[in-house]
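A.B. asks: Pasting the sequence and the predicted model now:
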Amino acid sequence: MRAHEPVDGSCRGPAPASAAPHALVVSIDTAIGPATSRQVELGLQQAGREGARLMVLQLDTPGGLDSSMRDIVRAVLASPVPVVGFVGPPGARAASAGTFILYASHLAAMAPGTNLGAATPVPLGGRGGISPARPGASAPATAADDAGGSKAVNDAVAYIRSLADLRRRNADWAEEAVRSAASLPADAALSQGVVDLVAADVPALVREVHGREVLVGGRLLRLDTAGIEVRAMQVDWRTRLLSVIANPNLALLLLMIGVYGLLFEFLSPGALVPGVVGAIALVLGLYALSVLEISHAGSALLLLGLCLLVAEAFVPSFGVLGLGGVLSLVLGAALLMDEPDGAWLAPSLPLVAGMGLAALAASILVLRLAVRNRRLRSHSGPEALVGQAARVLDWSADTAKGHVLLAGERWQAQGAADLQPGQAVRVEAVRGLRVEVSGIGDAPSMATNLHSSNL
């Protein structure tokens with residue numbers, strides 16, 4: 001590395017005078033996805049902002065999405081803060097996509113009892129490698145027999161060899177890890193030049209990298225880590241939420257719910273619940289598989305939420321559209337919220353909470369009004385006749401049928417056999433052009449009843 005540029009100083013970073021020298025630890029203990037790439041990017045921003053001497057990227061991952069892995073690699077390569085990839089704690093692994101990230105780090109280290117490798121790429125639903133569906137599983141060399149598989153494997157080989165050449169690590173073994181899913185334990189990786197050192201834990205790692213030289217941003221820097229503090233990056237709630245959504249198994253489940261929900265809505269228009277749930281699940285599933293960028297997914301959910309809230313005012317849904325709109329609105333705002341450098345471009349948490357509560361209150365109000373109106377007595381149509389008073393005009397005791405005067409009109413009626421002409425009756429139900437009646441008085445009192453009822 002001295003051939004590139006002479007050592008020009010220690011890597012101390014632009015820390016404020018009051019900031020204690022420290023190393024920032026960012027831990028990845030799940031599959032690589034959009035949430036983990038965001039976590040690494042935020043960690044690099046925090047390390048640069050706080051003037052950290054270096055960032056330790058602690059890996060324990062089975063692999064993950066190729067697109068998210070490349071986002072992390074690009075962020076590490078462009079980082080002004082030295083990044084030390086560390087496979088730990090003991091028992092951890094950096095399989096598949098994790099191997100690429102380890103090769104991209106300025107320094108690569110492993111804890112005893114860890115392993116890396118098995119980096120063969122496979123398509124969605126295939127076997128092993130860097131897969132959008134099953135991250136981190138290994139695959140035999142025959143996994144790339146077809147032309148599409150060969151292209152993916154050759155592309156991954158060229159990518160990892162370029163990283164190996166950049167960091168001066170074992171490029172031949174890196175190619176073998178991609179082509180034949182080779183794996184190595186920590187001691188073998190050190191002896192074969194795949195990693196730079198083996199350390200028991202993060203504090204030991206920070207001590208052992210002191211004085212080592214790394215190429216950062218075209219400059220050769222000597223790490224000064226003697227006696228510095230080790231700090232762990234605190235993962236915010238949004239990253240935790242996105243990590244849950246971006247789980248590959250949940251992503252496929254969301255896609256299935258989305259497709260079948262929309263299918264059921266198209267087959268049974270007006271069901272509403274399948275359509276609302278399906279639309280939200282489909283957008284989240286597409287984001288989880290990196291088909292949609294986080295900004296596009298957030299914008300789509302915001303637009304969907306606004307459409308559902310507007311539709312709630314015109315379509316009777318008993319709160320389905322309103323509650324779905326609130327959920328979509330909150331999820332979309334959560335996806336669009338960012339920090340720290342892009343905070344001014346994104347909605348704040350109090351604003352999101354206020355919008356969600358306001359939309360929820362409006363939906364509850366609409367639902368309450370709809371329920372109240374449903375319980376009110378109808379003032380038009382056949383339902384409005386139920387409960388009204390009528391007068392028997394003629395009646396047959398044999399058939400228990402006759403005619404009544406109801407609202408100034410002559411209606412066919414049926415009821416009890418002992419009804420008499422002139423008797424007051426009450427309408428119990430309307431069956432087409434016939435009403436069912438029951439007696440409420442005798443014939444002599446009918447005149448008074450009808451007069452009071454304006455019949």
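C.D. replies: Looks like it arrived, so ask away. Numbers count the residues shown, from 1 in each chain.
A.B. asks: Low-confidence stretches in the stretch 301-450 of the chain?
C.D. replies: For the stretch 301-450 of the chain, residues meeting the criterion pLDDT under 70 lie at 338-349, 352, 355, 370, 374-380, 441-450.
A.B. asks: ok, 80 please
C.D. replies: 313, 315-319, 336-384, 441-450 (pLDDT under 80).
A.B. asks: All the strands of it, residue numbers only.
C.D. replies: Taking DSSP state E, counting those that start in this stretch, the strands of the stretch 301-450 of the chain run over residues 389-396, 401-406, 409-414, 424-431, 434-439.
A.B. asks: out of those strands, which comes closest to residue 314?
C.D. replies: Closest to residue 314 of those, according to CB to CB: strand 424-431, at 29.7 Å. Every residue, glycine included, has its C-beta placed from N, CA and C.
A.B. asks: Parallel or antiparallel, which strands does that closest one pair with?
C.D. replies: Under the criterion DSSP bridges, strand 424-431 sits next to strand 389-396 (antiparallel), strand 434-439 (antiparallel) in its sheet.
A.B. asks: Now do the buried residues in the first one.
C.D. replies: So that's strand 389-396. Neighbour counts over strand 389-396 (16 or more other CB atoms under 10 Å) mark 389, 390, 391, 392, 395 as buried.
A.B. asks: Longest helix in the chain, please.
C.D. replies: What stands out as the longest helix in the chain, according to DSSP state H, is helix 349-375.
A.B. asks: same for it, what does it pack against?
C.D. replies: Counting contacts by 3 or more CB pairs under 8 Å, 6 or more residues apart in numbering; DSSP states H and E, helix 349-375 is packed against helix 294-312, helix 320-336.
A.B. asks: of all the strands paired with strand 424-431, which lies closest to residue 89?
C.D. replies: When the strands paired with strand 424-431 are compared by CB to CB, strand 434-439 sits nearest residue 89, at 78.7 Å.
A.B. asks: how far does the closest one sit from the chain's center?
C.D. replies: Taking CA atoms, centre = their mean, to the nearest Å, the mean C-alpha location of strand 434-439 is offset from the chain mean by 58 Å.
A.B. asks: cool, and stretch 323-342?
C.D. replies: The answer for stretch 323-342 is 10 Å, by CA atoms, centre = their mean.
A.B. asks: Give the buried residues for it.
C.D. replies: Within stretch 323-342, the residues scored as buried using 16+ other CB under 10 Å are 323-338.
A.B. asks: burial count for the closest residue to residue 311 other than its chain neighbours?
C.D. replies: Nearest-residue entry for residue 311: residue 321, 5.0 Å, with adjacent residues in sequence omitted and distances by CB to CB, 6 or more residues apart in numbering. Look at residue 321: counted by other CB atoms under 10 Å, it has 25 neighbours.
A.B. asks: my guess is residue 321 meets residue 306, correct?
C.D. replies: No. Look at residue 321 against residue 306 with CB atoms under 8 Å: they stay out of range, at 11.4 Å.
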